[in-house]
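Enquirer: quick one, what's the 3D model for this:
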Amino acid sequence: MPKILCIDDNAAGLRARRTLLEKMGHQVTTAHGGQEGLEKFRKAKADLVIVDYRMPRMKGDQVLRKIKQADPKLPVVLLSGYAETLGLEQAVPEADCVLNKGPREVPELISAVTRLLRKSMKKPAASVKIKSAEGKEKKPAHRQAHQ
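Expert: Residues are numbered from 1 along each chain as shown. Next comes the predicted model:
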């Protein structure tokens, strides 16, 4: 079960995202602000982090950058009601995905979480060795497509 850390100073937004993500089958931890989010990130392994941009004391881009310093491959979604207005895709290139809060948030969040988890949890294909009847190794007959 994938583990998601959700960071936002808005309690109602956290509850709504937690409910949605748990219905999708994820284990969700919430944090009410950037500092608490970083503490929970350090204590428990997450497979994905969702962080709000506008929060008091520590903005989401600061939280995101600290998380990426600790784990550069961990997917992080940045949420904001002002994503386009503030140009967050360009301003915060470390974000794996920038989403607007609002009427399209739920379907876009579902899509982003699904895509990012699928991408991050893919394991490289194992090298397969087949022994011939004589005990010599030979390559498999089929090839795997490169991504």
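Enquirer: what is the burial count for the nearest residue to Asp8 once chain neighbours are set aside?
Expert: Leaving aside its chain neighbours, Asp8 sits nearest to Asp52 (4.0 Å; criterion: CB to CB, 6 or more residues apart in numbering). For every residue, glycine as well, the C-beta is placed using N, CA and C. By other CB atoms under 10 Å, 25 other residues sit near Asp52.
Enquirer: wait, Asp52 sits on Arg17?
Expert: No - the pair Asp52 / Arg17 is not scored as a contact, 9.7 Å apart, by CB atoms under 8 Å.
Enquirer: measure the nearest residue to Ser80 once chain neighbours are set aside to Arg104 for me?
Expert: Distances taken as CB to CB, 6+ apart place Tyr53 nearest to Ser80, at 3.7 Å, with adjacent residues excluded. For Tyr53, the distance to Arg104 equals 16 Å [CB to CB, to the nearest Å].
Enquirer: of these two, who's got more company?
Expert: More neighbours surround Tyr53 than the other of Tyr53 and Arg104, with 24 against 10 (other CB under 10 Å).
Enquirer: now do the same contact list for the more buried one.
Expert: Neighbouring residues of Tyr53 by CB atoms under 8 Å, 6 or more residues apart in numbering: 59-61, 78-80, 82-83, 86, 88, 92.
Enquirer: what comes up buried for the longest helix that the chain contains?
Expert: Identified as the longest helix of the chain according to DSSP state H is helix 105-121. Across helix 105-121, burial judged by 16 or more other CB atoms under 10 Å covers 105, 108-109, 112-113, 116-117.
Enquirer: nearest to Leu5 among the residues you listed?
Expert: Val113 (12.0 Å; CB to CB).
Enquirer: quick one on the thing from earlier: who does the residue nearest to Asp8 bridge with?
Expert: Assessed by DSSP bridges, Asp52 has beta-bridge partners Leu79.
Enquirer: so where does the closest residue to Ala91 other than its chain neighbours fall, helix or strand?
Expert: Distances taken as CB to CB, 6+ apart place Asp61 nearest to Ala91, at 7.2 Å, with adjacent residues excluded. Per DSSP states H and E, Asp61 falls inside helix 60-70.
Enquirer: having no further points to raise, I will conclude here.
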